[in-house]
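In: make a model of this:
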Amino acid sequence: MDETLAEFIKRTIMKIPMTEMMPILKAWDFLSEKQLQTVNFRQRKESLVQDLVLLCEERRASIRDAALLDIIYTQFHRHQKVWDVFQMSKEPGEDIDLFDMEQFKRSFVKILQRALKNALTVASNHHKIVKMDLRSRYLDSLKAIVFKQYNRTFETHNSTVPLQDRTLELDIHMDSRIIHENRIEKERVQRVTQETFGDYPQPRLEFAQYKLETKFKSDLNGDILAERKEPLRCLIKFSSPHLLEALKALAPAGIADAPLSPLLTCIPNKGMNYFKIRDK
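Out: Numbering: from 1, shown residues only. Model (predicted):
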């Protein structure tokens, strides 16, 4: 094992918290149980890492083994990254079917020396791959949005109780002081909210971004803004630890009118949280 590969493995292991060291090494399944039993996991981390690297040298670890360790570490810490979504498509007229994952893995390994996009495209037997306007830290939520699988429980990493648990579960029939008109309005808001968002947990997204380009319109002659050729540009970004649940809670909480703007409620259906808005 050359110095570059040894250094890569060393840096990868150094990133692993001590509480996760054994689970990740076992998931890697490169070092045997007997080898791991020879290592003192109570010593200083620098010494521990050196012992593990020496074991990897004895096993003649390859770049593929090192890459697998890095992938497993990333899987354990997938919420620390923001993931992009790409859409694959075939030639017009070809059947869109799900490819065999095992065959995909074998094909992907064979052609990995090519560019990553080309490898994904060829291995999955698709025509092209394009980047979607969809990003998040939560892979399960991204998959649910892309494949329209909303009726499920999503990751709650570092999250609090969803807003809907505190705001939507209102028994509007219990308070006799609520006048008839308010009760009817609350029922309407609840109904519209459920029709818009459904009665299932929302996929987790942290933000939605809107870029607006528009020409300034004015009836005044000589208005400088109206005469400029370049459009006015602005950027609006909504952020929340759980954006869709927060949006779902706005109207029932009395913070916004129901229904909300389609620009906010269309995020899961369009599979986007980056939008560009221009004049027609």
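In: what stretches of the protein score poorly on pLDDT?
Out: 93-99, 108-117, 119-120, 122, 124, 151-180, 218-227 (pLDDT under 70).
In: at 80 instead, please
Out: Counting by pLDDT under 80, the chain contains low-confidence residues at 1, 81, 86-129, 150-181, 215-229, 279-280.
In: please name the bridge partners of the residue nearest the centre of it.
Out: Note on the chain: the residue nearest the mean C-alpha position is Ser136, at 2.8 Å, using C-alpha atoms, centre = their mean. Using DSSP bridges, the bridge partners assigned to Ser136 are Trp83.
In: got a list of what it touches?
Out: Val82, Trp83, Leu142, Arg204, Leu205, Glu206, Asn273 (C-beta atoms under 8 Å, 6 or more residues apart in numbering). Where C-beta positions appear, they are placed from N, C-alpha and C, glycine not excepted.
In: let's go with 10 Å and repeat that
Out: Ser136 is in contact with 79, 81-85, 142, 145, 203-207, 243, 273, counting by C-beta atoms under 10 Å, 6 or more residues apart in numbering.
In: likewise Arg106?
Out: When contacts are counted by C-beta under 10 Å, 6+ apart, Arg106 touches Asp100, Ala123.
In: Val85 reaches Leu205, doesn't it?
Out: No: between Val85 and Leu205 there is no contact under C-beta atoms under 10 Å: 11.3 Å.
In: those two - which one has more neighbours?
Out: Leu205 (27 against 18; other C-beta atoms under 10 Å).
In: just confirm that one is within a strand.
Out: No: using DSSP: H, G, I helix; E, B strand; the rest coil, the assignment for Leu205 is coil, not a strand.
In: relative to Lys211, how far out is it?
Out: Separation of Leu205 from Lys211 (C-beta to C-beta, to the nearest Å): 17 Å.
In: repeat for Met18
Out: 44 Å.
In: cool, and Lys217?
Out: For Lys217 relative to Lys211 (C-beta to C-beta), the value is 19 Å.
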